[in-house]
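S.K.: Predicted model follows, preceded by the sequence.
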Amino acid sequence: MQQDSKRHVPDWLLERLALGELDAETAADVRRRLAAEGRSADDIAAVVATSNREILEQLPAAPTAASIKRRAERAAAAARPAPRRAFLFGAPLALAGVAAVLLVARPWQPSCDFRGADGECINIKGSDIRHQTLPRLYLYRHRTAGDERLRDGTRATRGDLVQLAYGSHGGGYGVLLSIDGARKVTLHWPEKQDGDAPALKANGETRLPSAYELDDAPAFERFFLVRAAAPFSVATAMEAARALAAQPAARKQSLALPPGFEQISLALDKAPAGTKELP
Amino acid sequence: MALDVESHYLRYGPMVLRRCRTLLRDPAKAEDAMQDVFVSLIRSEDRLREEAPGALLLRVATNVCLNRLRGDKRHPEDAHEDDDLAVRIAQADDGGGDAESRTLARSVLGKLFGADDPLAASTRSLAFMHLVDGMTLEEVAREARLSVSGVRKRLRGLKGRLAELEGV
(Lines give C-alpha, C1' and ligand atoms only; values in the text may rest on other atoms or scores of the structure.)
Protein backbone atom coordinates (compact mmCIF):
# COMPACT_ATOMS: atom_id res chain seq x y z
CA MET A 1 0.00 0.00 0.00
CA GLN A 2 1.34 3.39 -0.91
CA GLN A 3 1.78 5.84 1.92
CA ASP A 4 1.98 8.95 -0.24
CA SER A 5 -0.19 9.05 -3.31
CA LYS A 6 1.25 12.44 -4.27
CA ARG A 7 4.62 10.90 -5.03
CA HIS A 8 5.48 10.17 -8.61
CA VAL A 9 5.78 6.54 -9.35
CA PRO A 10 9.52 5.83 -9.17
CA ASP A 11 11.20 4.91 -12.45
CA TRP A 12 12.41 1.78 -10.71
CA LEU A 13 8.87 0.52 -10.38
CA LEU A 14 7.98 1.59 -13.90
CA GLU A 15 10.88 -0.43 -15.26
CA ARG A 16 9.74 -3.42 -13.28
CA LEU A 17 6.17 -2.94 -14.43
CA ALA A 18 7.31 -2.84 -18.06
CA LEU A 19 9.24 -6.05 -17.51
CA GLY A 20 6.14 -7.68 -16.07
CA GLU A 21 8.06 -8.69 -12.96
CA LEU A 22 6.00 -6.87 -10.33
CA ASP A 23 3.72 -8.96 -8.18
CA ALA A 24 0.02 -8.51 -8.89
CA GLU A 25 -0.68 -6.31 -5.89
CA THR A 26 2.20 -3.93 -6.55
CA ALA A 27 1.45 -3.81 -10.27
CA ALA A 28 -2.16 -2.88 -9.56
CA ASP A 29 -1.03 -0.16 -7.17
CA VAL A 30 1.38 1.25 -9.73
CA ARG A 31 -1.33 1.30 -12.39
CA ARG A 32 -3.66 3.10 -10.01
CA ARG A 33 -1.04 5.74 -9.26
CA LEU A 34 -0.23 6.16 -12.93
CA ALA A 35 -3.90 6.71 -13.62
CA ALA A 36 -3.94 9.37 -10.91
CA GLU A 37 -1.14 11.09 -12.79
CA GLY A 38 -3.01 10.87 -16.04
CA ARG A 39 -0.79 8.19 -17.45
CA SER A 40 -1.29 4.52 -18.17
CA ALA A 41 0.75 1.36 -18.10
CA ASP A 42 0.52 1.25 -21.87
CA ASP A 43 2.07 4.70 -22.13
CA ILE A 44 4.96 3.55 -20.00
CA ALA A 45 5.36 0.36 -21.97
CA ALA A 46 5.52 2.34 -25.21
CA VAL A 47 8.15 4.74 -23.86
CA VAL A 48 10.24 1.87 -22.54
CA ALA A 49 9.96 -0.07 -25.79
CA THR A 50 11.10 2.93 -27.80
CA SER A 51 14.04 3.51 -25.50
CA ASN A 52 14.97 -0.15 -25.61
CA ARG A 53 14.96 -0.14 -29.39
CA GLU A 54 17.19 2.93 -29.55
CA ILE A 55 19.66 1.51 -27.07
CA LEU A 56 19.86 -1.83 -28.79
CA GLU A 57 20.48 -0.09 -32.08
CA GLN A 58 23.35 1.84 -30.50
CA LEU A 59 24.66 -1.13 -28.59
CA PRO A 60 23.65 -4.30 -30.44
CA ALA A 61 23.27 -7.44 -28.40
CA ALA A 62 25.86 -9.72 -29.98
CA PRO A 63 28.94 -7.47 -29.81
CA THR A 64 27.92 -6.02 -26.46
CA ALA A 65 27.43 -9.48 -24.98
CA ALA A 66 30.79 -10.54 -26.39
CA SER A 67 32.41 -7.51 -24.80
CA ILE A 68 30.79 -8.32 -21.46
CA LYS A 69 32.03 -11.90 -21.64
CA ARG A 70 35.56 -10.75 -22.37
CA ARG A 71 35.39 -8.38 -19.47
CA ALA A 72 34.10 -11.14 -17.21
CA GLU A 73 36.93 -13.42 -18.29
CA ARG A 74 39.49 -10.74 -17.54
CA ALA A 75 37.91 -10.12 -14.16
CA ALA A 76 37.94 -13.82 -13.39
CA ALA A 77 41.56 -14.14 -14.44
CA ALA A 78 42.51 -11.18 -12.30
CA ALA A 79 40.66 -12.63 -9.33
CA ARG A 80 42.32 -16.02 -9.73
CA PRO A 81 45.39 -16.30 -7.52
CA ALA A 82 48.56 -16.56 -9.57
CA PRO A 83 50.52 -19.23 -7.68
CA ARG A 84 53.98 -17.85 -8.31
CA ARG A 85 53.07 -14.27 -7.56
CA ALA A 86 51.04 -15.31 -4.56
CA PHE A 87 54.02 -17.22 -3.25
CA LEU A 88 56.33 -14.30 -3.64
CA PHE A 89 54.15 -11.39 -2.74
CA GLY A 90 50.56 -12.36 -2.18
CA ALA A 91 50.42 -13.85 1.26
CA PRO A 92 53.80 -13.85 2.95
CA LEU A 93 52.27 -13.87 6.40
CA ALA A 94 49.95 -16.71 5.59
CA LEU A 95 52.78 -18.70 4.09
CA ALA A 96 54.96 -17.95 7.06
CA GLY A 97 52.23 -19.35 9.24
CA VAL A 98 51.93 -22.44 7.11
CA ALA A 99 55.68 -22.89 7.09
CA ALA A 100 55.79 -22.61 10.85
CA VAL A 101 53.11 -25.22 11.20
CA LEU A 102 54.88 -27.54 8.82
CA LEU A 103 58.17 -27.09 10.62
CA VAL A 104 56.60 -27.78 13.94
CA ALA A 105 54.48 -30.64 12.74
CA ARG A 106 57.26 -32.18 10.71
CA PRO A 107 60.64 -30.89 11.76
CA TRP A 108 62.95 -30.09 8.91
CA GLN A 109 65.24 -32.94 8.12
CA PRO A 110 68.66 -31.34 8.06
CA SER A 111 71.16 -32.82 5.70
CA CYS A 112 74.23 -32.40 7.89
CA ASP A 113 75.41 -33.90 11.13
CA PHE A 114 77.52 -30.80 11.57
CA ARG A 115 79.50 -28.29 9.54
CA GLY A 116 83.16 -27.73 8.98
CA ALA A 117 85.12 -24.50 9.11
CA ASP A 118 83.93 -23.31 5.72
CA GLY A 119 80.36 -24.30 6.34
CA GLU A 120 80.95 -27.59 4.60
CA CYS A 121 78.30 -30.13 5.35
CA ILE A 122 79.70 -33.13 7.19
CA ASN A 123 77.86 -36.37 7.69
CA ILE A 124 79.36 -38.92 10.03
CA LYS A 125 78.43 -41.80 7.79
CA GLY A 126 79.85 -40.07 4.75
CA SER A 127 82.39 -41.94 2.71
CA ASP A 128 84.63 -38.94 2.13
CA ILE A 129 87.97 -39.91 3.62
CA ARG A 130 88.67 -36.34 4.62
CA HIS A 131 85.89 -36.52 7.14
CA GLN A 132 87.16 -39.61 8.87
CA THR A 133 89.90 -37.75 10.68
CA LEU A 134 87.90 -34.65 11.63
CA PRO A 135 86.80 -34.08 15.18
CA ARG A 136 83.11 -34.55 15.76
CA LEU A 137 80.45 -32.76 17.69
CA TYR A 138 77.31 -34.42 18.94
CA LEU A 139 74.20 -32.94 20.45
CA TYR A 140 71.39 -34.84 22.12
CA ARG A 141 68.12 -33.57 23.45
CA HIS A 142 67.01 -35.24 26.64
CA ARG A 143 63.60 -36.80 26.25
CA THR A 144 61.53 -38.83 28.64
CA ALA A 145 61.67 -41.68 26.19
CA GLY A 146 65.42 -41.31 25.69
CA ASP A 147 67.90 -38.93 24.10
CA GLU A 148 67.26 -37.56 20.65
CA ARG A 149 70.18 -37.00 18.37
CA LEU A 150 70.15 -33.45 16.96
CA ARG A 151 71.60 -32.47 13.66
CA ASP A 152 72.46 -29.13 12.13
CA GLY A 153 69.31 -27.09 11.67
CA THR A 154 67.15 -28.97 14.13
CA ARG A 155 64.56 -26.81 15.81
CA ALA A 156 64.77 -26.45 19.56
CA THR A 157 63.01 -24.42 22.21
CA ARG A 158 63.81 -22.74 25.44
CA GLY A 159 64.07 -25.25 28.22
CA ASP A 160 65.35 -28.07 26.04
CA LEU A 161 68.11 -29.97 27.81
CA VAL A 162 70.96 -30.46 25.38
CA GLN A 163 73.75 -32.91 26.03
CA LEU A 164 77.05 -32.14 24.28
CA ALA A 165 79.58 -34.74 23.24
CA TYR A 166 82.66 -34.78 21.08
CA GLY A 167 84.70 -37.28 19.17
CA SER A 168 88.35 -36.95 18.26
CA HIS A 169 90.19 -39.93 16.93
CA GLY A 170 93.35 -37.89 16.72
CA GLY A 171 93.19 -36.64 20.32
CA GLY A 172 94.56 -33.11 20.62
CA TYR A 173 93.11 -30.24 22.65
CA GLY A 174 89.70 -28.72 22.46
CA VAL A 175 87.05 -26.26 23.63
CA LEU A 176 83.27 -26.51 23.33
CA LEU A 177 81.34 -23.28 23.29
CA SER A 178 78.24 -21.79 21.77
CA ILE A 179 76.98 -18.48 20.49
CA ASP A 180 73.32 -17.52 20.30
CA GLY A 181 70.96 -15.12 18.63
CA ALA A 182 71.37 -12.71 21.52
CA ARG A 183 75.08 -12.47 20.68
CA LYS A 184 76.02 -14.22 23.88
CA VAL A 185 78.92 -16.66 24.11
CA THR A 186 78.71 -19.63 26.44
CA LEU A 187 81.67 -21.78 27.37
CA HIS A 188 80.56 -25.40 27.85
CA TRP A 189 83.88 -27.12 28.32
CA PRO A 190 86.16 -26.65 30.12
CA GLU A 191 84.45 -24.82 32.95
CA LYS A 192 86.95 -21.97 33.30
CA GLN A 193 87.97 -19.44 30.70
CA ASP A 194 91.30 -18.51 32.22
CA GLY A 195 93.30 -21.56 31.30
CA ASP A 196 94.30 -23.82 28.50
CA ALA A 197 92.09 -26.09 26.47
CA PRO A 198 91.97 -29.60 27.97
CA ALA A 199 93.11 -32.68 26.17
CA LEU A 200 90.48 -34.45 24.12
CA LYS A 201 89.94 -38.12 24.70
CA ALA A 202 90.94 -40.07 21.66
CA ASN A 203 87.92 -42.25 21.32
CA GLY A 204 84.70 -42.35 19.44
CA GLU A 205 82.43 -40.22 21.60
CA THR A 206 82.80 -38.48 24.91
CA ARG A 207 79.91 -36.80 26.69
CA LEU A 208 80.37 -33.72 28.81
CA PRO A 209 79.57 -34.16 32.51
CA SER A 210 76.40 -32.09 32.41
CA ALA A 211 73.70 -31.04 29.98
CA TYR A 212 72.95 -27.49 28.93
CA GLU A 213 69.47 -25.96 29.20
CA LEU A 214 68.60 -23.69 26.30
CA ASP A 215 67.57 -20.21 27.37
CA ASP A 216 65.24 -17.76 25.62
CA ALA A 217 67.83 -16.36 23.26
CA PRO A 218 66.20 -15.86 19.87
CA ALA A 219 66.86 -17.37 16.47
CA PHE A 220 69.57 -19.95 17.11
CA GLU A 221 72.11 -21.55 19.39
CA ARG A 222 75.22 -22.56 17.52
CA PHE A 223 77.68 -24.96 19.14
CA PHE A 224 81.37 -25.19 18.23
CA LEU A 225 84.14 -27.65 18.88
CA VAL A 226 87.46 -25.93 18.45
CA ARG A 227 90.42 -28.28 18.26
CA ALA A 228 94.16 -28.03 17.78
CA ALA A 229 96.93 -30.56 17.94
CA ALA A 230 98.92 -28.40 20.37
CA PRO A 231 97.74 -26.77 23.61
CA PHE A 232 96.05 -23.34 23.30
CA SER A 233 94.34 -20.93 25.64
CA VAL A 234 90.59 -21.07 26.06
CA ALA A 235 90.60 -17.30 25.61
CA THR A 236 91.71 -17.73 21.99
CA ALA A 237 88.53 -19.63 21.17
CA MET A 238 86.36 -17.36 23.31
CA GLU A 239 87.64 -14.20 21.65
CA ALA A 240 86.99 -15.65 18.22
CA ALA A 241 83.51 -16.63 19.36
CA ARG A 242 82.76 -13.18 20.76
CA ALA A 243 83.88 -11.60 17.52
CA LEU A 244 81.67 -13.88 15.48
CA ALA A 245 78.67 -13.50 17.80
CA ALA A 246 78.71 -9.78 17.11
CA GLN A 247 78.38 -10.37 13.38
CA PRO A 248 75.00 -10.39 11.63
CA ALA A 249 75.98 -13.62 9.91
CA ALA A 250 76.90 -15.39 13.14
CA ARG A 251 74.54 -18.20 12.29
CA LYS A 252 76.62 -19.22 9.26
CA GLN A 253 80.10 -17.75 9.31
CA SER A 254 83.08 -19.52 10.77
CA LEU A 255 85.24 -18.56 13.71
CA ALA A 256 88.29 -16.54 12.72
CA LEU A 257 90.99 -18.77 14.23
CA PRO A 258 94.74 -18.83 13.71
CA PRO A 259 96.30 -21.46 11.45
CA GLY A 260 96.45 -24.93 12.92
CA PHE A 261 92.97 -24.88 14.38
CA GLU A 262 90.04 -27.01 13.33
CA GLN A 263 86.45 -26.21 13.99
CA ILE A 264 83.14 -27.86 13.48
CA SER A 265 79.74 -26.49 14.39
CA LEU A 266 76.15 -27.51 14.77
CA ALA A 267 73.34 -24.96 15.01
CA LEU A 268 69.91 -25.40 16.53
CA ASP A 269 67.19 -23.11 15.25
CA LYS A 270 65.09 -21.69 18.01
CA ALA A 271 61.33 -22.09 17.82
CA PRO A 272 59.18 -19.33 19.32
CA ALA A 273 58.58 -19.70 23.03
CA GLY A 274 55.61 -21.86 23.79
CA THR A 275 55.80 -23.74 20.50
CA LYS A 276 55.56 -27.44 21.02
CA GLU A 277 56.75 -29.91 18.50
CA LEU A 278 54.31 -32.52 17.45
CA PRO A 279 55.27 -36.15 17.35
CA MET B 1 24.87 -23.65 -16.21
CA ALA B 2 26.51 -20.63 -17.87
CA LEU B 3 24.48 -17.47 -18.00
CA ASP B 4 23.09 -16.59 -21.42
CA VAL B 5 24.57 -13.12 -21.51
CA GLU B 6 23.11 -12.10 -24.83
CA SER B 7 19.52 -12.95 -23.97
CA HIS B 8 19.81 -11.27 -20.57
CA TYR B 9 21.31 -8.21 -22.22
CA LEU B 10 18.52 -8.09 -24.79
CA ARG B 11 15.89 -8.15 -22.08
CA TYR B 12 17.56 -6.14 -19.32
CA GLY B 13 20.49 -4.26 -20.87
CA PRO B 14 18.53 -1.13 -21.88
CA MET B 15 16.97 -0.89 -18.40
CA VAL B 16 20.41 -1.20 -16.77
CA LEU B 17 21.85 1.41 -19.10
CA ARG B 18 19.05 3.83 -18.30
CA ARG B 19 19.67 3.33 -14.61
CA CYS B 20 23.39 3.96 -15.06
CA ARG B 21 22.73 7.06 -17.17
CA THR B 22 20.45 8.41 -14.46
CA LEU B 23 23.08 8.00 -11.79
CA LEU B 24 26.23 8.82 -13.71
CA ARG B 25 24.93 11.43 -16.18
CA ASP B 26 27.70 10.46 -18.56
CA PRO B 27 26.91 8.22 -21.56
CA ALA B 28 30.36 6.68 -21.82
CA LYS B 29 30.65 6.03 -18.10
CA ALA B 30 27.14 4.66 -18.03
CA GLU B 31 27.90 2.21 -20.84
CA ASP B 32 31.03 1.07 -19.08
CA ALA B 33 29.16 0.66 -15.79
CA MET B 34 26.39 -1.24 -17.54
CA GLN B 35 28.90 -3.83 -18.73
CA ASP B 36 30.25 -4.12 -15.20
CA VAL B 37 26.76 -4.78 -13.94
CA PHE B 38 26.46 -7.78 -16.24
CA VAL B 39 29.91 -8.97 -15.23
CA SER B 40 28.68 -8.91 -11.64
CA LEU B 41 25.63 -10.87 -12.71
CA ILE B 42 27.82 -13.51 -14.34
CA ARG B 43 29.87 -13.79 -11.18
CA SER B 44 26.85 -14.14 -8.92
CA GLU B 45 24.61 -16.10 -11.21
CA ASP B 46 23.21 -18.13 -8.34
CA ARG B 47 21.29 -15.12 -7.13
CA LEU B 48 19.15 -15.26 -10.24
CA ARG B 49 17.53 -18.39 -8.90
CA GLU B 50 16.38 -16.50 -5.83
CA GLU B 51 14.81 -13.38 -7.24
CA ALA B 52 13.61 -11.62 -10.34
CA PRO B 53 16.49 -10.44 -12.54
CA GLY B 54 15.06 -6.94 -12.93
CA ALA B 55 15.21 -6.02 -9.25
CA LEU B 56 18.58 -7.66 -8.83
CA LEU B 57 20.06 -5.86 -11.83
CA LEU B 58 18.69 -2.51 -10.74
CA ARG B 59 20.25 -2.94 -7.31
CA VAL B 60 23.57 -4.06 -8.73
CA ALA B 61 23.51 -1.13 -11.15
CA THR B 62 22.88 1.26 -8.29
CA ASN B 63 25.76 -0.18 -6.30
CA VAL B 64 28.12 -0.13 -9.26
CA CYS B 65 27.27 3.45 -10.14
CA LEU B 66 27.46 4.74 -6.60
CA ASN B 67 30.85 3.11 -6.29
CA ARG B 68 31.91 4.77 -9.53
CA LEU B 69 30.79 8.11 -8.21
CA ARG B 70 32.75 7.60 -5.05
CA GLY B 71 35.78 6.57 -7.05
CA ASP B 72 35.49 9.59 -9.32
CA LYS B 73 35.45 11.82 -6.30
CA ARG B 74 39.00 10.82 -5.56
CA HIS B 75 40.25 12.35 -8.81
CA PRO B 76 40.86 16.09 -8.52
CA GLU B 77 40.04 16.64 -12.18
CA ASP B 78 36.48 15.52 -11.46
CA ALA B 79 36.03 17.81 -8.50
CA HIS B 80 33.87 20.38 -10.27
CA GLU B 81 31.64 17.76 -11.78
CA ASP B 82 31.19 16.06 -8.47
CA ASP B 83 30.45 19.28 -6.67
CA ASP B 84 27.20 19.37 -8.60
CA LEU B 85 26.58 15.70 -8.29
CA ALA B 86 24.43 15.63 -5.20
CA VAL B 87 22.28 18.48 -6.49
CA ARG B 88 21.81 16.86 -9.89
CA ILE B 89 20.91 13.54 -8.39
CA ALA B 90 18.54 15.21 -5.98
CA GLN B 91 16.97 17.14 -8.86
CA ALA B 92 16.02 13.84 -10.39
CA ASP B 93 13.47 13.73 -7.58
CA ASP B 94 12.14 17.23 -8.16
CA GLY B 95 8.73 16.09 -9.08
CA GLY B 96 8.02 14.14 -5.96
CA GLY B 97 8.44 14.21 -2.22
CA ASP B 98 8.39 17.20 0.00
CA ALA B 99 10.95 19.93 0.39
CA GLU B 100 12.29 18.43 3.58
CA SER B 101 13.03 15.06 2.04
CA ARG B 102 14.69 16.63 -1.00
CA THR B 103 16.87 18.74 1.25
CA LEU B 104 17.74 15.68 3.25
CA ALA B 105 18.50 13.79 0.06
CA ARG B 106 20.91 16.45 -1.11
CA SER B 107 22.59 16.58 2.23
CA VAL B 108 22.80 12.84 2.70
CA LEU B 109 24.10 12.19 -0.79
CA GLY B 110 26.64 14.95 -0.52
CA LYS B 111 27.95 13.37 2.62
CA LEU B 112 27.80 9.89 1.18
CA PHE B 113 29.88 10.79 -1.80
CA GLY B 114 32.23 13.01 0.12
CA ALA B 115 33.10 10.89 3.11
CA ASP B 116 35.47 7.97 3.12
CA ASP B 117 33.24 4.94 2.99
CA PRO B 118 30.94 5.90 5.82
CA LEU B 119 28.45 3.22 4.89
CA ALA B 120 28.15 -0.13 3.31
CA ALA B 121 27.43 -0.02 -0.40
CA SER B 122 24.09 -1.72 0.10
CA THR B 123 23.01 0.94 2.57
CA ARG B 124 23.97 3.66 0.13
CA SER B 125 21.78 1.95 -2.43
CA LEU B 126 18.89 1.80 0.00
CA ALA B 127 19.36 5.47 0.75
CA PHE B 128 19.39 6.28 -2.93
CA MET B 129 16.27 4.26 -3.59
CA HIS B 130 14.41 5.96 -0.76
CA LEU B 131 15.72 9.50 -0.93
CA VAL B 132 16.33 9.98 -4.64
CA ASP B 133 14.23 7.40 -6.42
CA GLY B 134 11.41 8.35 -4.09
CA MET B 135 10.45 4.84 -3.12
CA THR B 136 8.66 4.26 0.13
CA LEU B 137 10.27 2.17 2.83
CA GLU B 138 7.91 -0.66 1.93
CA GLU B 139 8.89 -0.47 -1.74
CA VAL B 140 12.59 -0.34 -0.89
CA ALA B 141 12.19 -3.31 1.41
CA ARG B 142 10.34 -5.33 -1.20
CA GLU B 143 12.80 -4.57 -3.98
CA ALA B 144 15.82 -5.19 -1.76
CA ARG B 145 14.31 -8.33 -0.24
CA LEU B 146 14.64 -6.93 3.25
CA SER B 147 12.17 -6.36 6.04
CA VAL B 148 10.75 -2.88 6.40
CA SER B 149 12.12 -2.68 9.90
CA GLY B 150 15.53 -3.71 8.57
CA VAL B 151 15.48 -0.95 5.95
CA ARG B 152 14.26 1.56 8.52
CA LYS B 153 17.02 0.56 10.91
CA ARG B 154 19.73 0.92 8.28
CA LEU B 155 18.45 4.27 7.13
CA ARG B 156 18.23 5.39 10.73
CA GLY B 157 21.88 4.49 11.01
CA LEU B 158 22.49 6.51 7.87
CA LYS B 159 20.82 9.56 9.37
CA GLY B 160 22.81 9.05 12.55
CA ARG B 161 25.96 8.94 10.51
CA LEU B 162 24.93 12.09 8.71
CA ALA B 163 24.26 13.86 12.00
CA GLU B 164 27.64 12.74 13.21
CA LEU B 165 29.32 14.08 10.09
CA GLU B 166 27.56 17.39 10.50
CA GLY B 167 28.46 17.57 14.17
CA VAL B 168 24.87 17.71 15.29
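M.R.: Everything's here; your move.
S.K.: Show the residue spans covered by the helices in chain B.
M.R.: Using DSSP state H, the helices of chain B run over B:5-24, B:27-43, B:53-73, B:79-83, B:85-91, B:99-114, B:121-127, B:137-144, B:148-165.
S.K.: With the stretch 1-150 of chain A instead?
M.R.: Along the stretch 1-150 of chain A, the segments classed as helices by DSSP state H, counting those that start in this stretch run A:11-19, A:24-36, A:41-58, A:61-79, A:83-85, A:92-105, A:129-132.
S.K.: Least confident of those helices, on average?
M.R.: Mean pLDDT per stretch puts helix A:92-105 lowest among those, at a mean of 37.
S.K.: Show me what from chain B comes close to chain A.
M.R.: Neighbours of chain A within chain B, by C-beta under 8 Å from any C-beta of the partner chain: B:5-6, B:9-15, B:17-19, B:22, B:31, B:35-36, B:38-39, B:42-43, B:52-55, B:58, B:95-97, B:129, B:133-136, B:138-139, B:142-143. Every residue, glycine included, has its C-beta placed from N, CA and C.
S.K.: how about a cut-off of 6 Å?
M.R.: Proximity of chain B to chain A, by C-beta under 6 Å from any C-beta of the partner chain, involves residues B:5-6, B:9-10, B:14-15, B:17, B:35, B:38-39, B:42, B:52, B:54, B:58, B:95-96, B:133-136.
S.K.: which residue sits closest to residue B:52, ignoring its sequence neighbours?
M.R.: What sits nearest to residue B:52 in space, not counting adjacent residues and going by C-beta to C-beta, 6 or more residues apart in numbering or on different chains, is residue A:21, at 4.3 Å.
S.K.: For that neighbour, give me phi and psi.
M.R.: phi -100, psi 0 (degrees, to the nearest 10).
S.K.: Packed most tightly, which of the helices of the stretch 1-150 of chain A would that be?
M.R.: Neighbour counts (mean count of other C-beta atoms under 10 Å in any protein chain shown) averaged over each of the helices of the stretch 1-150 of chain A peak at helix A:11-19, with a mean of 22.
S.K.: Quickly check: that helix near chain B or not.
M.R.: Yes. Helix A:11-19 reaches chain B (C-beta under 6 Å from any C-beta) through A:12, A:15-16, A:19.
S.K.: Tell me the one among those residues nearest to residue B:152.
M.R.: Nearest to residue B:152 out of the residues of helix A:11-19 next to chain B is residue A:12 (C-beta to C-beta; 18.6 Å).
S.K.: Does that closest one touch residue B:136 like I think?
M.R.: No. With contact defined as C-beta atoms under 6 Å, residue A:12 does not reach residue B:136; the gap is 11.4 Å.
S.K.: what residues does the stretch 1-150 of chain A put near chain B?
M.R.: A:3, A:7-8, A:10, A:12, A:15-16, A:19, A:21, A:52, A:55, A:61, A:64-65, A:68-69, A:71-72, A:75.
S.K.: May I have the secondary structure class of residue A:252?
M.R.: Under DSSP: H, G, I helix; E, B strand; the rest coil, the three-state class of residue A:252 is coil.
S.K.: on that earlier part again, are any of the residues of chain B next to chain A buried, and which?
M.R.: B:5-6, B:9-10, B:14-15, B:17, B:35, B:38-39, B:42, B:52, B:54, B:58, B:96, B:133-136 (16 or more other C-beta atoms under 10 Å in any protein chain shown).
S.K.: Now do the buried residues in stretch A:157-176.
M.R.: In stretch A:157-176, counting by 16+ other C-beta under 10 Å, buried: A:157-158, A:160, A:162-168, A:172-176.
S.K.: now do stretch A:187-195
M.R.: In stretch A:187-195, counting by 16+ other C-beta under 10 Å, buried: A:187-189.
S.K.: Show which residue of chain A lies farthest from the average position.
M.R.: residue A:38 (71.4 Å; C-alpha atoms, centre = their mean).
S.K.: Roughly how far does it sit from residue A:72?
M.R.: 43 Å (C-beta to C-beta, to the nearest Å).
S.K.: care to break chain A down by domain?
M.R.: A:11-79, A:85-109, A:111-270 (automatic domain parsing).
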